[in-house]
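Engineer: got a sequence here, can you build the structure:
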Amino acid sequence: MATRIRLRRVGRKGQAYFRIVVADSESPRDGRFVAAIGHYNPKAKPAVINVNAEQARAWLEKGAMPTDTVRSLLKKAGVLGKRQPPPAA
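Structural biologist: Residues are numbered from 1 along each chain as shown. Presented below is the predicted three-dimensional model:
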C-alpha cells in the first residue's frame, strides 16, 4: 500500500478548511484515511497550520510521500527542512 500525505477538504461551501491526513494513494480525496496528523485553515489571517511533527516525521520515515502542497505546508511548519545529522554511534 503506497501512502500519501495529503489534504482532505472539510467545511462548508466557501469556507474551506483542510485536514492533513495519511491516506492510501488510490483512495478518493475525501475518502478513507489512515491517520490525521494536522489541519490547515487558509481563510484565517494569517493562515493557520497545525501539524503533529512527530507523527509527520514518523510517516515520512515509513515512506509516505507528501503532495506538493503538503510539502510546502510541512516546510512552513518546520517539519521539513535541513537534514539532521545521524546520531554518533
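Engineer: give me the low-pLDDT residue ranges for the protein?
Structural biologist: Scanning the chain for pLDDT under 70 picks out 1, 82-89.
Engineer: residue closest to the middle of it?
Structural biologist: residue 20 (4.0 Å; CA atoms, centre = their mean).
Engineer: is it fair to say that one lies in a helix?
Structural biologist: No. Per DSSP: H, G, I helix; E, B strand; the rest coil, residue 20 lies outside any helix segment and is strand.
Engineer: please name the bridge partners of it.
Structural biologist: Note on residue 20: beta-bridge partners residue 7, residue 38, judged by DSSP bridges.
Engineer: does residue 66 touch residue 6 like I think?
Structural biologist: Yes. The criterion here is CB atoms under 8 Å, and residue 66 meets it with residue 6 at 7.4 Å. Where you see a C-beta, it was placed from the backbone N, CA and C, and this is true even at glycine.
Engineer: show me where this structure has helices.
Structural biologist: Taking DSSP state H to define them, one finds helices in the chain at 53-61, 68-77.
Engineer: make TSV out of these and add distance to residue 30.
Structural biologist: Below are the helices of the chain laid out as TSV (distance: least, CB to CB, whole Å):
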stretch	distance to residue 30
helix 53-61	19
helix 68-77	15
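Engineer: any idea which of the ones you listed gets closest to residue 39?
Structural biologist: Taking CB to CB, helix 68-77 is the member of the helices of the chain nearest to residue 39, at 10.2 Å.
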